[in-house]
Structures are given as structure tokens and as C-alpha cells.
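1. The following comprises the amino acid sequence and a computationally predicted model.
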Amino acid sequence: MPRPTGCRIVILALFVALRGAAAQARDAAADSALDTPPIVTPRMVARLLSAADARVDTQPARGPSRKLAAGISARGASRAPAKPHSDWWAPAASAVIPGAGQARLKQDRFVAYLAVEGFLWARYAVDHRTGVEERNRYRGLALQVSRAGFPGPKPQGDFEYYERMEHWIASGVYDADPGPGITPESDTTTFNGAMWLLARKTYWPAPDTPPPSGSDAYAAALLFYQRYAVQPQFQWSWRASPLHQDVYRRHIRASNEAFRRTITDLGAVIANHVLSTVDAYVSLRLRLHETTGGPDAGVDIGTSVSFETLGSIARRARPAPRE
């Protein structure tokens with residue numbers, strides 16, 4: 001083997017010096033890590049856990065390692081896969097009865113949801129009762145006053161019929177001539193007279209000039225009148241008592257407003273159900289997150305592992321310098 005020259009000796013000396021300096025730097029870093037709390041990252045913890053598991057499996061734990069093994073095993077046992085939560089149906093319960101899900105989750109605000117639900121249904125009942133009472137009043141007033149002067153049966157009309165009585169002083173006659181055929185009402189201040197005027201403007205070339213009675217224009221206008229004019233059994237007139245028509249208007253408006261409020265009440269009830277359901281769902285998700293610890297639950301080591309123990313394991317897990 002040839003003897004090393006002076007240049008080779010210098011290179012070997014520099015190599016040995018550099019390796020010694022690197023080893024000293026690593027030792028200084030390890031010592032400083034012992035003096036100051038280390039910054040624990042998920043990657044570092046994973047390496048420490050694997051190193052600790054390897055040491056626990058190969059040799060009996062002693063001293064700080066025994067503490068670390070006990071802490072890790074206890075923490076791992078607490079992070080076992082969680083079983084299905086028994087309160088999974090809390091959002092569905094809140095959808096049916098607001099506050100039921102919060103009561104299941106032992107949250108005091110279930111009282112607020114139940115109170116709001118009861119108040120909204122009570123207000124709905126009051127508004128609906130008011131609407132029905134006002135409707136009965138204006139129907140009774142129409143039957144006793146405006147329809148009382150006409151003979152024959154008086155069936156109950158639809159909502160549009162009673163609205164027409166609000167705006168028109170009289171319905172007018174359906175057939176102005178008792179002879180054969182139908183002679184429409186000519187008084188345009190009545191509802192039937194206004195319908196006949198509208199039919200003439202729609203189908204006649206000139207509203208004031210009637211076409212021949214057998215023409216298509218006359219037949220179309222007459223068919224329009226028969227479809228929309230008030231029939232004899234529904235005739236009314238407020239001419240003898242116009243003040244009663246004012247009272248009638250107040251009752252029908254009060255009834256309409258009350259029924260509109262019931263729609264608003266039902267909308268508020270639905271909103272309360274939705275809000276309670278969303279609240280229960282979010283609360284349940286947060287509770288499950290706290291129970292399982294979230295996606296990084298396996299990284300949590302716990303307070304049973306001291307910083308000195310972490311530093312000791314870090315030094316032991318450091319790879320030995322190559323010879």
C-alpha cells in the first residue's frame with residue numbers, strides 16, 4: 001500500500017476536522033433543545049412515536065421512556081375509533097319539534113325554541129279565528145241586507161263574489177226582459193251592466209251600435225255576458241243602505257288582513273323549525289369533533305410527556321455518525 005503524501009495528509013486532516021465540527025454542532029443543537037421547549041410538529045411527533053414504539057418493543061422501558069410509553073398507550077386508547085353517536089337523531093327531532101334536539105343535547109336554549117314555537121302557533125290561532133269571524137260577519141251582513149230584497153234561495157258565493165259586492169253598489173238584473181231570450185242589463189253602474197259594456201267593446205265593431213242579433217259578434221258578446229254576469233240567485237243591492245256597504249268593506253278587509261297574517265305566521269313557524277334543525281346539526285357536529293379530536297387526533301401526545309423526555313428521545317433517535 002503506498003504511503004500518503006503531504007497533500008493527502010492535509011485533506012484527511014480537514015475531513016476529520018469538518019466531521020468533528022459537525023458532530024459538535026449537533027450536540028450543541030441537542031443541548032439547546034433541552035434548555036428551550038421544542039417546537040413539536042406533526043412530522044416530528046410521528047417520528048418520535050415510531051422511534052418510541054420500536055424501543056418499547058425491543059427493550060423494556062425504563063425511566064422517562066416508561067412514562068412516554070404509558071402516556072402514548074393511554075392517549076391511543078382514548079383515540080380509538082368512536083362508536084356511532086347516540087344523539088344522531090337530534091336534528092330530526094328539532095325538525096319535528098323545535099328545541100327537541102337541543103333538549104337531547106342538554107342545551108338550555110331549547111326553552112327559547114319551544115317558547116317561540118308556542119307563541120307562533122298561538123298567534124296563528126288568533127289570526128285564523130279573527131279571519132273566520134270577520135268572514136262570517138260580512139257574509140251575514142250581505143245576506144241580511146244586500147241580498148234580502150231578492151226572492152228565492154240564496155246560496156253562498158265564492159270569494160270573488162263577495163269582493164264584487166265590496167266594489168259595486170248593485171249586481172243588476174240578469175235578464176232585463178222576461179220574454180224569450182236574454183236581454184242583458186243596460187245600467188253600467190251595476191256589475192252586470194259593466195260586464196255587458198265590456199262584452200260590447202270586446203266583440204262589437206261599435207259598442208253603441210248593435211250588430212244583427214244572429215251575427216257572430218252579437219252571439220260572442222252574449223256568451224261573454226252569460227259567463228261572467230251575476231245569476232238571479234246571487235243578486236244584491238246596497239242602494240237602500242249604503243252605510244251598510246261601508247261596514248261590509250271594513251269586515252271584508254279585516255278578514256283578508258287576518259288571513260294574510262296567518263300565512264306570515266306559518267312562514268315564521270317553518271323558519272323556527274329550520275333554525276332549530278340547523279342549530280342542532282351544527283352542535284352535534286361540533287360535539288362529535290370534540291369527541292374524536294378531529295383529523296389530527298392521532299398526533300396529540302398529551303401532557304404526560306415532558307419536554308425533557310422529548311429531548312432525550314430526540315437524541316436517542318438521532319442517527320449515529322458514520323465511521
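-> Good, I have the coordinates. Residues are numbered from 1 along each chain as shown.
2. all contacts plus neighbour counts: C-alpha atoms, from now on.
-> Fine.
3. quick one: low-confidence parts of the stretch 51-200 of the chain?
-> Scanning the stretch 51-200 of the chain with the threshold set as pLDDT under 70 gives 51-85.
4. now the longest helix seen in the chain: mean pLDDT?
-> In the chain, with assignment by DSSP state H, the single longest helix is helix 242-292. Helix 242-292 carries an average pLDDT of 91.
5. what residues go with each domain of the chain?
-> Following automatic domain parsing, the chain resolves into domains at 6-80+305-317, 110-278.
6. distance between the ends of the last one?
-> End-to-end distance for domain 110-278: 13 Å, by C-alpha to C-alpha, to the nearest Å.
7. Show me what the longest helix of the chain packs onto, helices and strands only.
-> Packing partners of helix 242-292 (3 or more C-alpha pairs under 8 Å, 6 or more residues apart in numbering; DSSP states H and E): helix 90-96, helix 100-104, helix 110-141, helix 159-167.
8. okay, the ones you listed in CSV with mean neighbour count and distance to Tyr228 next?
-> Putting the helices and strands packed on helix 242-292 into CSV (neighbours: other C-alpha atoms under 10 Å; distance: least, C-alpha to C-alpha, whole Å) gives the following:
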stretch, mean neighbour count, distance to Tyr228
helix 90-96, 21, 46
helix 100-104, 22, 53
helix 110-141, 17, 21
helix 159-167, 14, 11
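9. Adding distance to Ala220, write the ones you listed out as TSV.
-> As requested, those are exported to TSV (distance: least, C-alpha to C-alpha, whole Å):
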stretch	distance to Ala220
helix 90-96	55
helix 100-104	63
helix 110-141	34
helix 159-167	23
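10. Roughly how far does Ala103 sit from Trp121?
-> Ala103 is 20 Å from Trp121, where distance means C-alpha to C-alpha.
11. Would you mind pulling the contact partners of stretch 185-198?
-> With contact meaning C-alpha atoms under 8 Å, 6 or more residues apart in numbering, stretch 185-198 is reached by 164, 168-176, 184, 207, 221-222, 225, 228-230.
12. Quick one, which of the residues you listed are buried?
-> By neighbour count, with 16 or more other C-alpha atoms under 10 Å, these hold 168-175, 184, 221-222, 225, 229-230 as buried.
13. In helices only, show me those residues.
-> Counted as lying in helices by DSSP H, out of those, are 221-222, 225.
14. Just name the closest of these to Ala92, please.
-> Closest approach to Ala92 among those (C-alpha to C-alpha): Tyr225, at 55.4 Å.
15. does that closest one really touch Arg200, like I thought?
-> No. With contact defined as C-alpha atoms under 8 Å, Tyr225 does not reach Arg200; the gap is 9.3 Å.
16. before we move on, the earlier item: of all the helices and strands packed on helix 242-292, which lies closest to His273?
-> Here helix 90-96 is closest among the helices and strands packed on helix 242-292 (C-alpha to C-alpha), at 5.3 Å.
17. Dump the closest one to PDB, restricted to CA.
-> The C-alpha coordinates for helix 90-96 follow below in PDB (Å, rounded to 0.1, in the frame of the first residue of the first chain):
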ATOM      1  CA  ALA A  90     -81.300  15.300  17.400                       C
ATOM      2  CA  PRO A  91     -81.500  17.400  14.100                       C
ATOM      3  CA  ALA A  92     -84.500  15.300  13.000                       C
ATOM      4  CA  ALA A  93     -86.200  15.800  16.400                       C
ATOM      5  CA  SER A  94     -85.700  19.600  16.000                       C
ATOM      6  CA  ALA A  95     -87.200  19.400  12.500                       C
ATOM      7  CA  VAL A  96     -90.400  18.000  14.000                       C
END
